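K.L.:
what's the 3D shape of this:
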Amino acid sequence: MLIDFLTLSTDASVLDPRTVEKITGEQDKIMRISPDGEIKWEMSCRQNVRSDSHQITVRIDSELDIQGSPARTKGTRDNIFGEFNPVNAFLDMVRFLSTTLEVPIPDDPTRWKIRRMDITGNFDLGSLANVRQALNYLRHVEGGRYQVRTDAETVYWSKSSRLRSGKAYAKGPHMRHLVKKGHADLNPDQLSLVDRLLRLEMLLRGQFWRERAAQRWYEWSSEQLYEQFAGYFGQFIGKVEIMEVDKLLDELMKVAPTPGLAKAAYRTWALIQSHGLEKTREITTVSTWQRHKRLLQQCGVSWADFHHRALVPFRRKTIVLSDPVRSWEDLIARSQSTTVKPPEKIKPKLKLVQGKAVEVECVLCKVEFFGHEPGLNRCPQCGSHFHVRIVSGIDSWSESVGLD
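P.N.:
I've put the predicted structure just below:
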């Protein structure tokens, strides 16, 4: 959890004259001038204060306004994780501005009014495919008066509300865009980790702080902010479940004799999901269909799953709001706990021969298993090789595996 964005203002009359002179002298202005040369109005523009391609902005008129991401003032080159205490986040911004502009900025939070605070949480869903699937569900989820809007890989709730709004998006593609633009600095391993994250952001705007907040912004604790966050997104997220699409491929890797066959069976399943059972059978050869169907069934996929294009229930996963990712170390630990190692190659029990793996059936026992050609293939149930017949070939390989 972190405070991703803050907008605050304070009366310019309490500022040090050096601060007013410094900021006024460096910011642009917009004027409206009548035909006879009279200045109708004048407005100051925001001044960008940069730090390693990240920025917060300041503007001064009758008030001094500051806004930006507190996480980006720490020199981390990203805003994935950061400070979740409002006063500490505010102090990070003020210290950064004071140091960069070389002028004093008031650091007493009681002198500042808040206009916007973004409360953000990152949730590990295991892969970018799972994140996109969750977003697809959320596009159709509404809560009470909240209106849903979608834009590319982002889902918005009450986007234009002056009170409170929310959004959900895939953090991985967003960070890759920032890296490409030079606004973030993550290595490929970190980007792969960020691909696992679903990002939820709640924006508390000025009307909330003026009319709904029970206390001043600087009196809020991290726990109280989290209660607001969980209460808001709970009405959308509470019943959303996603399929862990990568789990099926992991299971296929365990039961298939080669990784290539596991991926081929997974592609057949993806084809069933997009085109349906009958169309997939029509465009797939009989031997390939039987082989892939058998592997999918060994992973727990039933005929009902084939027809309804759904995985079995134990592969469903609920988004848990009470379990956000809190740091890079936490994200790394989660990724290591869910990483599935590829299956080890089976050591041959008979002499090595040149040949290929084949699918074999015992006519007596009606048992199907994987064997090799040329050579004897014994039924694992009755031990006989006299009534065994080859059903189909699989992949050519240089070292065939013998059976007992």
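
K.L.:
how about the strands of the stretch 51-200 of the chain, start to end?
P.N.:
Ranges of strands within the stretch 51-200 of the chain are 54-60, 63-68, 113-124, 148-151, 154-157, 164-170, 197-205, based on DSSP state E, counting those that start in this stretch.

K.L.:
Could you tell me the least trusted of these?
P.N.:
Among the strands of the stretch 51-200 of the chain, strand 148-151 carries the lowest mean pLDDT, a mean of 70.

K.L.:
What's the separation between the spatially most central residue of the chain and V325?
P.N.:
Central residue of the chain (Cα atoms, centre = their mean): L197, 2.5 Å from the mean position. Distance, L197 to V325, by Cβ to Cβ, to the nearest Å: 7 Å. For every residue, glycine as well, the C-beta is placed using N, CA and C.

K.L.:
now M31
P.N.:
Remark: distance between M31 and V325 (Cβ to Cβ) = 48 Å.

K.L.:
Please enumerate the helices of the stretch 151-300 of the chain.
P.N.:
Assignment of helices within the stretch 151-300 of the chain using DSSP state H, counting those that start in this stretch yields the ranges 171-181, 188-194, 206-207, 222-237, 245-255, 259-275, 277-283, 286-298.

K.L.:
T7 - that's part of a helix, no?
P.N.:
No. Counting by DSSP: H, G, I helix; E, B strand; the rest coil, T7 falls outside a helix, being strand.

K.L.:
List the contacts of D16.
P.N.:
D16 makes contact with V103, P104 under the criterion Cβ atoms under 8 Å, 6 or more residues apart in numbering.

K.L.:
returning to what we had before: touching, the residue nearest to the centre of the chain and L125? I think so.
P.N.:
Yes. With contact defined as Cβ atoms under 8 Å, L197 reaches L125; the gap is 7.5 Å.

K.L.:
which residues are in contact with both of these two?
P.N.:
Counting by Cβ under 8 Å, 6+ apart, the contacts common to L197 and L125 are V131.

K.L.:
Quick one: closest of the helices of the stretch 151-300 of the chain to P104.
P.N.:
helix 206-207 (26.5 Å; Cβ to Cβ).

K.L.:
contact partners of the closest one?
P.N.:
Contacts of helix 206-207 (Cβ under 8 Å, 6+ apart): I114, R115, R116, R162, L163.

K.L.:
what about the second one, how many neighbours?
P.N.:
Using other Cβ atoms under 10 Å, R115 is surrounded by 18 other residues.

K.L.:
unless I'm mixing things up, I39 is touching R32, no?
P.N.:
Yes. If you go by Cβ under 8 Å, I39 and R32 touch, sitting 7.2 Å apart.

K.L.:
Poorly predicted segments of the stretch 51-200 of the chain, please.
P.N.:
Scanning the stretch 51-200 of the chain for pLDDT under 70 picks out 51-55, 141-148, 150.

K.L.:
By neighbour count, which of the contacts of helix 206-207 wins?
P.N.:
Counting neighbours by other Cβ under 10 Å, the top entry in the contacts of helix 206-207 is I114, with 23 neighbours.

K.L.:
contacting residues around the nearest residue to it once chain neighbours are set aside?
P.N.:
Closest residue in space to I114, ignoring its immediate chain neighbours: W217 at 4.2 Å, by Cβ to Cβ, 6 or more residues apart in numbering. Residues near W217 by Cβ under 8 Å, 6+ apart: P86, P109, I114, M117, W209.
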